[in-house]
Every structure is written in structure tokens, then in C-alpha cells.
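Engineer: quick one: sequence and predicted model below, then my questions.
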Amino acid sequence: MQTAPAIDLSTIPAAQRAAVLALMETVAALTEITRRQEHLIAELNHALHGKRSEKLYEDERQLAFEDLSIALAEVEAEKETRAAKAGDGTSKPALKRTIGNLPAGLPRIEEVIEPDSLICPCGCGVMHKIGEDRSERLDIIPAQLRVIVTVRPKYACRACTDGVTQAPAPSHLIMGGLPTEATLAHVLVSKYADHLPLYRQSQILARAGVDLHRAVLADWVGKAAFHLKPIVDRMAEHLKRSSKLFMDETTAPVLDPGRGVTKTGYLWALARDDRPWGGEDPPGIVYFYAPGRAGGNAETFLTGFDGILQIDGYTGYNRLTKPSRKGGAPVRVAHCWAHARRKLKEIFDRDGSEIAAEGLRRIAEFYAVEADIRGISPGQRLSARQARTAPLVAAFGDWLQAQRRKISAKSRLGEKLTYIHNHWDGLQTFLTDGRVEIDNNRVENLIRPIALNRKNALFAGHDEGGVAWGRIASLIETCKINGIEPFAYRKRCADPTLTAYRLICDSEALLFQGSFSMGATSEFLAMVPRRSDGKRNWPPELKARIVAETLIEGETVKAVAQRYELIPSTVSDWRRMARQGKLVLPNLDGMDFVPIEIEAPAPLAEPLPAASASTIDVIKCDVTIRLDAATPAARIAAIAKALAP
């Protein structure tokens with residue numbers, strides 16, 4: 001920047017000299033502000049688009065953007081203030097309007113500001129309104145806490161002593177506990193979606209006058225995580241029925257109580273996202289915690305899955321492709337071209353290698369094709385890849401082998417080229433199936449919230465804390481990728497009974513079709529009442545759904561009972577209730593309840609004996625079966641067989 005020419009103040013009249021000096025100081029200050037402004041803008045562009053952005057995660061880029069934007073706004077405010085002072089005071093800086101950006105659903109509180117006087121200065125009377133100017137500003141009210149007081153009046157008859165009548169106490173997720181289900185939902189979402197550790201939540205509540213130690217909040221989270229287990233297990237079952245999944249793992253530091261230090265645990269992410277090729281199955285993700293990174297953990301988590309698995313180059317997955325794999329047939333893997341590209345990018349940034357640059361250019365051609373075919377059907381994607389990408393990949397393979405013959409395998413570049421060579425078969429899987437993505441970036445993006453929560457919370461307090469971490473994060477992240485607000489309180493399900501039925505028995509329909517909310521989850525779990533022994537009283541809707549599952553081809557009473565931690569005889573009793581018409585079974589293909597027809601047993605050929613005090617009538621589907629003390633054992637056995645499931 002050029003220096004301003006010197007001015008000989010001696011030639012200026014003394015009366016004007018002070019004004020000129022003030023103006024020169026203002027110009028110098030504004031020049032310095034402009035220089036700072038230009039520097040910040042350059043830094044902002046570099047953070048977003050420069051080479052360094054290649055190494056930054058999205059959260060880190062956003063943080064850099066925020067801090068630079070704050071600094072830039074401060075400089076602009078200083079510049080506007082100085083410019084206004086240097087002027088005559090009549091001009092005002094242009095205002096940045098945001099009208100129209102505020103949601104229409106927010107409540108509006110109008111403040112009408114009238115002039116001090118409506119009398120016309122000319123003395124002709126009162127002025128009339130000819131229009132108005134409106135502006136909107138966003139006002140935030142801090143979180144409001146309230147206490148729900150449950151009152152259960154007691155009633156008794158004054159004329160007798162038959163007892164006291166009182167409504168039963170409502171069931172809650174934490175029986176006898178302090179939090180409502182909305183409070184639990186808020187704590188869970190704040191910790192696992194907004195990445196606010198419990199000790200900070202405790203501090204925020206303390207400012208509002210509520211003293212809740214972090215240990216109390218941790219107890220709430222643990223109890224909620226326990227009751228969410230059946231839902232997350234059901235989500236995992238649903239995902240493993242898919243024909244293609246993504247998998248990745250990330251570290252989850254866990255405190256080692258015995259040594260007082262942290263150890264490295266891992267959260268394994270199993271995800272489905274078929275949106276790029278128009279798949280009908282909605283996206284979802286489940287996180288599994290394991291204390292180590294051994295490939296056997298992935299093998300355990302994937303029990304029952306036999307489709308295509310999109311992964312990075314971690315060798316622990318190799319056991320999944322072998323005939324000796326436990327838990328299913330060998331899976332077909334698709335490796336990640338983004339990882340291959342990253343290997344070459346590391347060499348190029350470090351050494352400026354022309355060979356690495358050539359590899360990056362060739363891979364960029366693959367991605368150019370992918371950008372053109374995103375969103376079309378698998379068949380169309382496959383055709384385009386066969387016609388356009390396959391020749392490019394074949395040429396890349398020839399180029400790769402030629403470079404490996406010239407470069408030492410022990411050099412940095414040689415090691416990166418060997419990595420690509422070792423995963424070559426998996427890197428070509430996307431050329432043979434239009435459903436397969438070119439890289440594993442989708443699941444990597446889905447585990448970044450885990451990294452952010454890890455940064456804020458530092459570590460989990462125990463292995464069980466890692467399990468709870470993965471379980472709750474599974475629900476929240478599945479909500480987010482489906483465009484559902486995690487705390488949307490009964491957003492789509494007005495009927496809490498229906499919500500309860502859907503949540504426990506068909507979580508995939510609830511979570512993956514836009515009906516899930518963390519608040520509704522907590523409310524549901526509280527709605528299933530408990531007996532004095534701590535066991536739950538299952539509502540009829542849930543019993544009906546469980547019975548319906550036993551009718552699915554390939555299912556057994558024992559398997560379904562184990563799924564819901566029930567005794568098989570209990571499920572058999574519910575099947576008997578369905579046969580008697582006491583349970584209305586749902587339609588397995590939809591969410592609406594529809595009755596099913598059950599054949600009535602043939603009536604007895606001989607007439608029933610006359611009813612007496614010692615007889616019992618068993619009514620089934622409008623057919624009466626009468627038993628008395630004289631009923632032969634063979635008759636009782638035949639009737640029992642007819643009534644059995």
C-alpha cells in the first residue's frame with residue numbers, strides 16, 4: 001500500500017489547520033482498518049478454499065469461518081463508526097436487513113411507537129395515518145424451567161368403610177424421579193446432539209437456581225440409555241437386512257478406573273444411505289461401542305448381514321470376506337477412492353510429486369462422472385460408469401503398475417501406491433453395481449459428530465458409558481439425517497398410545513418415516529406401566545404386534561419372545577388371546593390396525609349338557625364350549641388342542 005504524500009501544513013491558514021489534521025488522522029485510521037479488513041477477507045478465503053482446507057474437517061472449517069467472520073464484523077463496525085464521525089453526522093451507514101429470514105411460525109409481539117404529538121405544525125388539526133414502517137428483530141428468551149405438580153385427590157364414602165378411591169400414580173421413565181420425559185429428552189439432545197457435556201448443563205441449570213449435580217444428570221442419561229436398548233437393537237436389525245451398508249470406526253477415549261488414565265475404545269458406525277441412487281429405504285445409522293479395534297468386533301456387529309459393505313482400507317475387515325467368517329456368508333467389500341486420493345494428496349502436499357499430481361488428476365476424472373450421475377437410478381449409473389469410468393479406471397491401473405515398477409516400494413510414494421494396489425479389487429466394485437458409491441465419505445461425515453462430542457467431553461467415564469454414547473447417538477443422528485428435529489415433541493404423533501406402539505414394535509417405521517422424536521421416545525417408555533415387581537404391563541397394541549410377528553414366515557414364538565425379553569409361554573398366551581378375538585392384530589404391511597379372521601373350531605357333535613353351578617363356559621369366536629366336572633379327559637385334551645396356538 002502506497003504511503004500518502006506529506007502535506008506542508010504551514011501553507012494552510014491556522015483556522016483550518018486543526019480540521020486538516022483531524023481529517024488526515026481519520027484517513028490514516030480508515031486506511032489501516034481497510035488493510036486489516038483485506039487481510040481478514042484473504043484469511044477467510046484461504047480457510048474455506050485454500051490448500052489447508054483439504055486437511056480440515058467441516059467443524060474445524062466452520063470454526064475458522066466463525067472466528068474470522070467475527071473479526072471482520074468488528075472491523076466493519078469500527079470503520080462505519082469512524083466514517084460517520086468524520087462526516088457531517090447526517091448520513092447513516094446502510095442497514096443490513098434480515099426481514100423474511102425469521103420463520104413465520106414464531107410468535108410476533110408488536111411494539112407500536114407513536115410520535116410525541118399528532119398535531120400538525122401548521123395548526124390545521126390532527127394528522128391522519130398514511131402508512132407505517134415495519135422492522136423485525138429476533139428476541140431470545142432463556143430456557144424456562146417449571147415444576148409439574150401432580151395432584152391425586154383421595155375420595156371415600158362417609159356412609160361406609162369400603163375403602164378409599166384414588167387415581168393410580170402415572171408411570172414415568174424414572175419412577176419416583178425428578179425429571180419429566182421432556183427434561184430427559186432435553187438432557188440427551190443437549191449432550192449428544194449439541195455436544196454440551198453434563199457438567200456444563202449442570203452449570204447452566206445452576207444459573208437458573210436449580211442445583212443438579214452432573215452425577216444426577218449422568219444417572220438420568222444411563223437409565224434412559226438402558227430403556228432405549230430395544231429400539232436401537234431393532235434399528236440395527238433393520239439396517240442389517242439391507243443389501244448394502246457403509247461401515248467405519250472412530251476412537252472413543254474411555255477412562256480406565258483401575259489406572260486413572262484413559263484407554264482407547266472405538267465406536268463402530270454402521271450406516272445406510274441410498275439417496276444418491278434413489279433407493280426407497282430411508283437413511284439410518286447405528287453406533288456400536290467396543291473396547292478395541294479388532295476385526296472380530298466388526299464381525300460380531302455384522303452378524304446376519306451378507307450384502308455389500310463399503311469400507312476404508314483397515315485390514316481388520318479382511319476377515320469378513322473369508323469363507324470362515326462367523327455370522328454369515330462372506331461379504332463383498334467396496335473400498336474407498338477418497339482414501340486412495342488422500343494418500344496421493346499427502347505426498348503431493350509434502351513433496352510436490354509430479355507422479356502424485358498425475359494420480360490426483362486421474363482420480364478427479366472419476367469424480368467428474370460421479371457428479372453427473374448423482375441421483376439417477378442404479379441401472380443408469382452402472383451404464384454410465386461402464387461407458388465412461390471403466391476405461392479411466394483401467395488406464396489408472398496400467399499407470400499405477402508402471403509407476404510401481406519405477407519407484408521403490410519403501411519410499412513414501414511407493415508405500416502409497418502399494419496401498420492402492422492392495423485394495424484394487426475393492427476399488428473397482430463400484431464399476432459393477434450402480435448402488436455402490438465411489439467412496440466411503442457418507443459414513444465418515446456421519447461419525448464427525450462423535451468426534452465433536454469427544455472433543456467437548458474429552459472421554460467416556462467407563463466402557464458402559466461408551467455403550468450408552470453409541471446408543472443415544474444412533475437415535476439422534478438417524479433423526480438428523482432424516483430431517484427430523486430430535487426433540488420434536490410429539491411432532492408427528494398426536495396420539496401417545498399410537499406413538500408407544502410404533503416406537504417399541506416398529507421402530508424402523510417410526511424412525512425412518514418421520515415420526516420419531518426424542519421426547520416421544522421418553523414419553524412412550526414412561527407410558528408402559530410397571531407392576532410392583534418392576535416388570536412392565538404391555539398395552540394391548542404391543543401384545544398384538546408381538547403376536548403378529550410370530551405369524552411371519554420363519555419366525556418362532558421362542559425367537560420373538562427372546563427379542564422382547566419375554567417368556568415364550570407369555571407370548572403363547574397372547575396368541576391365544578388373539579384367537580379368542582381379544583387382541584386385534586395389525587397389518588404387517590402398514591401401520592393401521594385391521595382385524596384378522598380366525599376360523600372358529602367346529603362345534604361339538606353332541607349337545608352340551610345343561611348349565612349348572614359346577615360348569616364353566618368357554619366362548620371362542622361365538623362358539624360356546626361348556627365344561628363340567630364330568631367332562632372326560634379326552635374331551636378336555638381335544639378342547640385344549642383347539643384353543644392352543
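Structural biologist: Done, it's in.

Engineer: which pLDDT value belongs to the closest residue to Asn318 other than its chain neighbours?
Structural biologist: Spatial nearest neighbour of Asn318, excluding adjacent residues (C-beta to C-beta, 6 or more residues apart in numbering): Gly295 at 6.9 Å. Using the backbone N, CA and C atoms, a C-beta is placed for each residue, glycine as well. For Gly295, the model assigns a pLDDT of 85.

Engineer: quick one: neighbours of Gly295, just the number.
Structural biologist: Gly295 has 15 neighbouring residues, counting by other C-beta atoms under 10 Å.

Engineer: contacts only, for it.
Structural biologist: 314-320 (C-beta atoms under 8 Å, 6 or more residues apart in numbering).

Engineer: give me the number of residues near the closest residue to Gly278 other than its chain neighbours?
Structural biologist: Spatially, and ignoring its direct neighbours in sequence, Gly278 is nearest to Ser377 (5.9 Å; C-beta to C-beta, 6+ apart). Residue crowding around Ser377 was assessed by other C-beta under 10 Å; the count is 14.

Engineer: was I right about Ser377 contacting Gly279?
Structural biologist: No - if you go by C-beta atoms under 8 Å, Ser377 and Gly279 don't touch, sitting 9.7 Å apart.

Engineer: on that earlier part again, JSON lines please, covering the contacts of Gly295 and showing neighbour count and secondary structure.
Structural biologist: Listed next are those as JSON lines, based on neighbours: other C-beta atoms under 10 Å; DSSP: H, G, I helix; E, B strand; the rest coil:
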{"residue": "Tyr314", "neighbour count": "14", "secondary structure": "coil"}
{"residue": "Thr315", "neighbour count": "9", "secondary structure": "helix"}
{"residue": "Gly316", "neighbour count": "16", "secondary structure": "helix"}
{"residue": "Tyr317", "neighbour count": "21", "secondary structure": "helix"}
{"residue": "Asn318", "neighbour count": "11", "secondary structure": "helix"}
{"residue": "Arg319", "neighbour count": "16", "secondary structure": "helix"}
{"residue": "Leu320", "neighbour count": "22", "secondary structure": "helix"}
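
Engineer: could you dump those to JSON lines with distance to Glu136?
Structural biologist: Output for the contacts of Gly295, formatted as JSON lines (distance: C-beta to C-beta, whole Å):
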{"residue": "Tyr314", "distance to Glu136": "52"}
{"residue": "Thr315", "distance to Glu136": "57"}
{"residue": "Gly316", "distance to Glu136": "55"}
{"residue": "Tyr317", "distance to Glu136": "53"}
{"residue": "Asn318", "distance to Glu136": "59"}
{"residue": "Arg319", "distance to Glu136": "60"}
{"residue": "Leu320", "distance to Glu136": "56"}
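
Engineer: looking at those, which is nearest Ala15?
Structural biologist: Of all the contacts of Gly295, Tyr314 has the smallest distance to Ala15: 80.2 Å, by C-beta to C-beta.

Engineer: need the per-residue pLDDT for the closest one.
Structural biologist: 86.

Engineer: that one reaches Glu249, doesn't it?
Structural biologist: Yes - using C-beta under 8 Å, Tyr314 is in contact with Glu249, at 7.4 Å.
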